[in-house]
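# how would this look folded up:
(chains A, B, C and D)
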Amino acid sequence: MSNPPNIPPITEDGFWLPAQASTIAAETDHTWWVTYWMSIFFFFLVIVPMIYFAIVHKRKSETEKTSPIDHSMKIEIAWTVLPTGLLLWLFALGVTGYANSQVAPDNSYEIKVTAQMFSWSFQYPDGTVSGELTVPKGRPVKLVMSSQDVIHSFFVAEFRVKQDVVPGLYTTLWFEANKTMETALQCTEYCGEKHSNMLTKVTVLEPKDFQTWIDNGGTMEKMPPVEWGAKLYASRGCANCHSVDGTRVQGPTFKGFWTKGSEKLTDGSTVKIDENYVRQSILEPATQIVEGYPNVMSAYAGQLRDEDIDALIAWLKTQN
Amino acid sequence: MSRSITAEEVSQIPQSGGTNYINAEQGVWSWLTTVDHKRIALMYLVSTLIAFLMGGFFALLLRFELLHPGKDLLDAKGYNQAFTLHGAVMVFLFVIPSTPAVLGNFLLPIMLGAKDVAFPKLNLLSLYLYWTGALFTLSSLVTSGLDTGWTFYVPFSTAVSDTSVIAVTFGVFILGFSSILTGLNFIVTVHKLRAPGITWYRLPLFCWGIYATSLVQVLATPVLAITLLLLIFEKVAQIGIFNPKLGGDPVLYQHFFWFYSHPAVYIMILPGMAIISDVIAVHSHRRIFGYKAIAFSSVAIALIGFLVWGHHMFTSGQSELASAIFSFLTFFVAIPSGIKVFNWTSTMWRGSIAWNTPMFYGMSFLFLFTIGGLTGLFLGTLNVDLHLHDTYFVVAHFHYVMMGGSVIAFLAGLFHWWPKMTGRMYNDSLGKLSCVIVFIGFNMTFFTQFFLGSRGMPRRYYTYLDQFQPLHAFSTYGSWVLGLGLILGLVTLLASLKSGARAPSNPWGAKSLEWETQSPPITENFKRTPLVTHGPYDYDTTEDK
Amino acid sequence: MSSATALSAEQAPSGERSPDFHVGHHWDSADSQFEAGRMGVWLFLVTEILFFGGLFCAFFVFRSWYFDSFVEAHSHLDWHMGAVNTVVLIFSSLTMALAVRSAQTNNKARTVQMLVVTLVCAAIFLVVKYFEYSHKIHDGLLPGGLFHATGFVTDHPQMFFSVYFMMTGVHGLHVVIGMGLMLWILIRANRGEFSQRYYAPVEGVGLYWHLVDLVWIYLFPLLYLVG
Amino acid sequence: MSQDAHADHTSVPHAAGHAHGAAGHAHGAAGHAHGGPDHVPHVSPLSLYLKTFGALMLLTIITVGVSRIHLGTTTNLVIAMFIATIKATVVAALFMHLLTDKRFHTVILLSSLVFLAIFISFTMFDTNSRGRAEAIEHERPHDSAKPWEIRAAKPAAVPSEAKKH
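Sure thing, here's the model as predicted:
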């Protein structure tokens, strides 16, 4: 096995933490390292004496007498007050960084995020919709997120950000990427069978490249429709339920779909397979359920542009 | 002061034959209708160990599956069901009931010098409720399984999952009542059945720990009951309290759930701490350092534990202000835990430390729990938690606390009180060997997961990015070592039943009351109610007081 | 059961029932057993309060979110029926308290009488509840997704009825369980098992019943009067 | 083992069990087989129960009466809760005998209310303040470098654009 298609690895940097790629990452890592060294200190403070005592005070005879000292106010107060002070310091570090990470600057670039089982959809201010997240470098990006079905969670390790995406609630998250890179976005709230496949690619581009990307409707170079359709198929969740090799998954296979001519629906009627049928089935799938399949597909209305649907149709025609 | 006691001096020589609670009556029926707390404890022991083996089996399946990305053994559905059942069985059927219902049940009355718990029939009812709850929970194995995670988060569990959610939640609902009744029983027992001379400050610290646990059981578990009831009604009658489509709130479910389940973490760890306090003092033959500090920190943990549940929800969509407050309070629960750890280490100072199985497990606990506790600081710190939340770091953290803490402590307690419970001595070398293997296997399995998580590996993933494969594989190899060690430990104990030497009444030279009666005790625990004139840790010291 | 040796020492040799027949072998006296039992019941009531507490929490959360809906929806409840039930339940609390008192004073006939009256009150409560429920069901004033009444001007009346049905339903279940418990002590009282030295079950059930009353004391104004 | 008649029972009462809480009971004479005191109930006079019932009825009428006067829904709610709490206290103190019972049982009851209050208030603290950080941000724009200073300065009156250049 290898990574799911198009998902780049997380950039590693040292033993513990991934590389930093956002403006808040450094502060988060600072808190991490403070906590880390504090933990190391207290760990040895407990474990070294434990091992030392176990060795030097190993029992030599059953009648051995032991120390009568069973408390010491001074030392007990010391080991209560001192850690309390350190913990309050940790809290202060944490809450400061948190405040920074929660409140987006006013000039943020706003992207709407819709999560559904098991794909992500990013809608840009100009209407461009993409299954992958592409953001400009050096500009705060604010994500306004909601879920169509169950709870998901948005996590990009290099940005040090995470936020659950909840149905019936808008949650927000912001970051400012400070280097151009590619990485993986992972869903971190268990959302069902394909939870671990709910990944997508995050790309940070130079502002001018990002502008090009937006102008091309979410690609760097204009792709031919068939190729664009294939990409949408892979990135927008179609592949989870519709196979291209004829195996039956949740929904009908796309193999030989276009040449089949017509489809029998659960209400007994038969429809002709044409552009209108496909369009309708993508935008409002519940209106035309193919006989023998469950009504589980989410509606893509508002999430795909007309060009996207045209591209998908062009690609579907090539599946034989 | 010499260790004078008005109850008859029990000789150190092993008793052979004679009646005890095990052979007092014969036949299955005598066990199923018993109200003797010791027999009930033994039945709990067998039941929870079966649950432990099942949970462990699921764990090995999970680890095996994670050897490589993609399918090794299970498909995604099977994996999701395995981790759900691993969590649900371990939490609800093993860790929560294990120490209170097994060791607490067995020892609490004896340590108090009582003949039984306050309500013996209620105690038996708890056991039957446990069995009934377990039956419902495990029924999912033969029906359609369960794939919601042990947390049953809505709306996945209510709107999407087509598995046996109702049966399992109903089972857990019943298990909750078992837990409540056990806690209630113990609280009244500690208040009302202490033998003459056992003042609050002469209680063994085990009793303090169990008492604190019981408080949490009584105060927190009812909220779980109503939560699960609402979940069931959501599924059968679209009640809508947690359903965003109807105006309900899925985050509210998390509040309800964690109001119970965070204190439940203390239901799991407080008894472990209770055991360790006794094990370390007894095997160091030393007065426990900071008795009152340990006793009150147990109660403090139990109470502060109710104020911090929101730290499970820092990324949930909870209000930022609430997160800040919950984070602040979370640090205060770290302090009493820290105090305990310092006191335990100090108890070993100038002690007479026996290198035997219970002490090995006790020191393992100290090592592992310290790591578990300290890594909790990372998760309580708000901005670091944003990075670590729902990653393997969390998995590693709570396994260090639940497994490295509670389970290792349970094993320490089991090895410590095994001679009392069964009247047999086990092979100490084998016991120590099992501890070393468990310790190595545990750290291989779970320490790896800390840096898996900090590098960005999310939890509950069936398949994962290629870069994590070597670490996952190492963790899996560790789980095999861990499994081997645990099996060796159980075999050591079981072998003692067949071939172990008869246990004297006080094999460790301990001072608390349970060691004054014979091993195994008679049904009434003591031939007459003891009058206690000294504390549970009054060991011979270098100076006379 | 518990050990034969312990019991034989406790039982009076005459073969007559010892005055302590009900005292478990692990108690030193009837009094400490009684005290322990009462403490146990109180702890159980704590769990009951927290159990209902979850629903109160849901009530307050949704009331603050959907304030207008709650105000509008609560006017669809018939406060007269709620008031009747309040009186019935408080009266049953009185008779329950008197049943305990009669047991304490060895008045078997009065104990039985009072328990019967309490049972009847509980039944009246449920009958009134039945009429209320059937009226709501008829009007489609149902919880959550089942709600199909029309004519509401606010958005979330179904949440009010979710909370209403859960609260009154769980409370009603407690009334039913209470009736079962009362029946059980009624039979025992009728057999003459209770006296001034042993009436713990009557008092325990009494405490439980008062708690059921207590919960209703809050439910009535919350749901029926002010919403 | 001693052949003493008290073989199975200490003659020392379980002192610890009685140690806490003001005893509300007059303990009867000891002297039967169990050695400890027998249970003697505390019997309240009949008139007390009847008066309690009367008071509860009166309070019910007041609740209903007040709720018919419109003082604003929340004011009405507070008043209704206040009266309900009086009623609950009366029931607990007199019908449930907390007044004459061990103080510890009152502690038990109150502790449940404390934890319930924690549960409801913390939960509502979240549900009623979600998204507030964004609102605060809108009024008081935020400087990532110094989040606290800006809050302390509280420049709520300054239009956000003017401050940010």
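# CA only for contacts and neighbour counts going forward, please
OK.
# max-length helix in the chain?
Just so you know, I chose chain A. Longest helix in chain A by number of residues, with DSSP state H as the criterion: helix A:25-56.
# You answered for a different chain; I wanted chain D.
If you go by DSSP H, chain D has its longest helix at helix D:103-127.
# do chain C as well
The longest helix of chain C (DSSP H) is helix C:30-65.
# Give me the pLDDT for residue D:143.
Looking at residue D:143, its pLDDT is 47.
# got it, and the one 10 residues further on?
Residue D:153 is assigned 36 on the pLDDT scale.
# Check residue C:21 too.
pLDDT, residue C:21: 62.
# Tell me where the stretch 301-450 of chain B has strands.
Remark: no strands are assigned in the stretch 301-450 of chain B by DSSP state E, counting those that start in this stretch.
# related to what we said a few turns ago, from the contact counts, what lies against the longest helix of chain C?
Judged by 3 or more CA pairs under 8 Å, 6 or more residues apart in numbering or on different chains; DSSP states H and E, the packing partners of helix C:30-65 are helix B:165-192, helix B:205-237, helix C:157-190, helix C:200-219, helix D:103-127.
# Residue B:96 contacts residue B:271, doesn't it?
No - look at residue B:96 against residue B:271 with CA atoms under 8 Å: they stay out of range, at 9.4 Å.
# The two - which one has more neighbours?
residue B:271 (34 against 27; other CA atoms under 10 Å in any protein chain shown).
# so where does the more buried one fall, helix or strand?
Applying DSSP states H and E as the criterion places residue B:271 in helix B:250-284.
# pLDDT averaged over that helix, what's the number?
95.
# Name the nearest residue to residue C:110, ignoring sequence neighbours.
Nearest residue to residue C:110 in three dimensions, chain neighbours excluded: residue C:102, at 6.0 Å (CA to CA, 6 or more residues apart in numbering or on different chains).
# actually residue B:284, sorry about that
Nearest to residue B:284 is residue B:353, by CA to CA, 6+ apart, at 4.2 Å.
# I'd like the distance from the one you found to residue A:52, if you could.
Separation of residue B:353 from residue A:52 (CA to CA, to the nearest Å): 11 Å.
# Could you do residue A:160 as well?
With distances taken as CA to CA, residue A:160 is found 40 Å from residue A:52.
# quick one, which of those two is more surrounded?
For residue A:160 versus residue A:52, the count of surrounding residues by other CA under 10 Å is larger for residue A:160: 29 against 13.
# so who does the more buried one touch?
Listed by CA atoms under 8 Å, 6 or more residues apart in numbering or on different chains, the contact set of residue A:160 reads A:20, A:22, A:24, A:25, A:28, B:384, B:386, B:387.
# pretty sure the third one is touching residue A:174, no?
So the one you mean is residue A:24. No - with contact defined as CA under 8 Å, residue A:24 and residue A:174 do not form a contacting pair (9.8 Å).
# can you list residues touching both of the two?
residue A:101.
# burial of residue 207, as a residue count?
I'll assume chain A. Look at residue A:207: counted by other CA under 10 Å, it has 15 neighbours.
# Switch to chain C, please.
Residue C:207 has 24 neighbouring residues, counting by other CA under 10 Å.
# now do residue C:153
11.
# Look at it and give its secondary structure.
coil (DSSP: H, G, I helix; E, B strand; the rest coil).
# the helices in the stretch 51-200 of chain B, which residues?
Listed in chain order, the helices of the stretch 51-200 of chain B (DSSP state H, counting those that start in this stretch) span B:76-88, B:96-97, B:105-112, B:120-142, B:165-192.
# quick one: the shortest one to chain centroid distance?
Chain-centre distance of helix B:96-97: 6 Å, with CA atoms, centre = their mean, to the nearest Å.
# what does the third one give?
Computed by CA atoms, centre = their mean, the separation of helix B:105-112 from the middle of its chain amounts to 17 Å.
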